[in-house]
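Peer 1: Give me a 3D structure for the following:
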Amino acid sequence: MELVHLNSIPLMDWEHLTSTYFSHDKENVLKLFNNLKTVFLIKNTDQTIGFINLKQFKHTMYIPIYLTTVLTHTDCRYLFTSIKTILKGYEYSYLVFFIRNQTPNALDTFRDYLEIENMMLSFSKSATDIELERIENEFNWTEVIPHVTELKSLYNHCFVDEKEYVGPSWDVLIDNFMEELSPKICISCWYQNQLVGNLLAIHHDNYSYLYSICSEPAFRGRKIGAHLMCLFLNQRLGKEVRLQVYSENKAGIALYEKFGFELVGIASLVAREIKIS
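Peer 2: Got it, this is the predicted structure:
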């Protein structure tokens, strides 16, 4: 098994490549090939069985892995040996692996070769569950998007200790949310005209996605998060709800499980290094 830089393949052959090996998702893969600069094809003898992309942000390397087949432990060892060789030209503190088009047991196998520090977990809540009653308390609640500056200030304060591998800043994430074309939900908690809690969500065709939820550190323990969740779940329009959260966020996971969310997978793995000498 080896990694072959996409730029070593003539542009005229990309159409044939995507048609042959990625026919189920040809248009999206071809678009990625045209937009990404550091794509490496995963070659096993004369077959292309996937590809990876490298993207560096500050001291973190983000590495999506797209697979079209199940990899054996031996295949994975060769794959991560090749990735480690490529990474010798980079300086980094963290590696974040995203597994696209997951095949059975791929993540479990990958974990054998990585020094895992954290994981992004995917949770889901069925649309058939009974809606929860609202909780009354001393705060004021609104469903109008506050001024963007207030939102950014709240999230930056709530996640001031967030590790660098999390990715874009909250300023960027809030801007991305505001630019989202799908129907959006914004529920805010106020205490004496101060924004102390917020929940953002997006309604897609078949499911709702919980984009973010937070509460001001000084107000934690006063059930702001629980009330925000109640208000959101009571207006999810009969759809499944999905969310992602890092495994070290124990308080967040406890909140989601309290409201009936179940773990459905692992979206990404955060590692310090590849465990291959």
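
Peer 1: which ones are touching residue 243?
Peer 2: 122, 123, 124, 209, 210, 256, 261 (C-beta atoms under 8 Å, 6 or more residues apart in numbering). Placement of C-beta: from N, CA and C, glycine included.

Peer 1: repeat for residue 200
Peer 2: Residue 200 makes contact with 177, 184, 185, 186, 210, 211, 212, 213, according to C-beta under 8 Å, 6+ apart.

Peer 1: how much space between the closest residue to residue 167 other than its chain neighbours and residue 2?
Peer 2: Excluding the flanking residues, the one nearest residue 167 by C-beta to C-beta, 6 or more residues apart in numbering is residue 57, at 6.8 Å. As for residue 57, its distance to residue 2 is 27 Å (criterion: C-beta to C-beta, to the nearest Å).

Peer 1: Please name every helix or strand in contact with the helix or strand where residue 190 lies.
Peer 2: Assigned by DSSP states H and E, residue 190 falls within strand 184-191. Counting contacts by 3 or more C-beta pairs under 8 Å, 6 or more residues apart in numbering; DSSP states H and E, strand 184-191 is packed against strand 140-142, strand 194-203, helix 224-233.

Peer 1: Which among those is found nearest to residue 218?
Peer 2: strand 194-203 (7.9 Å; C-beta to C-beta).

Peer 1: buried set for the closest one?
Peer 2: 195, 196, 197, 198, 199, 200, 201, 202, 203 (16 or more other C-beta atoms under 10 Å).

Peer 1: Would you pull up how far that strand lies from the middle of the chain?
Peer 2: 19 Å (C-alpha atoms, centre = their mean, to the nearest Å).

Peer 1: Any buried residues in the helix or strand hosting residue 211, and which?
Peer 2: Following DSSP H and E, one finds residue 211 within strand 207-215. Within strand 207-215, the residues that count as buried by 16+ other C-beta under 10 Å are 208, 209, 210, 211, 212, 213, 214, 215.

Peer 1: Show residues contacting that strand.
Peer 2: Contact with strand 207-215 is made by 154-155, 158-159, 173, 177, 185, 189, 196-202, 222, 224-225, 228-229, 232, 236-237, 239-243, 252, as judged by C-beta under 8 Å, 6+ apart.

Peer 1: which stretches of this protein form helices?
Peer 2: All helices of the chain, identified by DSSP state H, fall at 14-21, 26-35, 73-87, 106-111, 148-158, 170-179, 224-233, 250-258.

Peer 1: Of all the ones you listed, which one is nearest residue 164?
Peer 2: The closest of the helices of the chain to residue 164 is helix 170-179. By C-beta to C-beta, the value is 13.0 Å.

Peer 1: by contact count, what packs against the closest one?
Peer 2: Contacts defined by 3+ C-beta pairs under 8 Å, 6+ apart place helix 170-179 against helix 148-158, strand 207-215.

Peer 1: With mean pLDDT and distance to residue 138 added, can I get those in TSV?
Peer 2: As requested, those are exported to TSV (pLDDT from 0 to 100; distance: least, C-beta to C-beta, whole Å):
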stretch	mean pLDDT	distance to residue 138
helix 148-158	94	19
strand 207-215	94	14
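
Peer 1: Distance to residue 45 added to the ones you listed, as CSV?
Peer 2: CSV is the format used below for those (distance: least, C-beta to C-beta, whole Å):
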stretch, distance to residue 45
helix 148-158, 48
strand 207-215, 39
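
Peer 1: Below-threshold pLDDT in the protein: ranges please.
Peer 2: The chain contains residues with pLDDT under 70 at 101-106, 128-136, 236-238.

Peer 1: partners of residue 140 in the sheet?
Peer 2: Beta bridges link residue 140 to residue 190, judged by DSSP bridges.

Peer 1: thought it was touching residue 189?
Peer 2: Yes - contact criterion C-beta atoms under 8 Å: residue 140 and residue 189 qualify, at 7.4 Å.

Peer 1: follow-up on the earlier one: relative to the strand holding residue 211, what are the paired strands and their orientations?
Peer 2: Strand 207-215 pairs in its sheet with strand 194-203 (antiparallel), strand 240-246 (parallel), by DSSP bridges.
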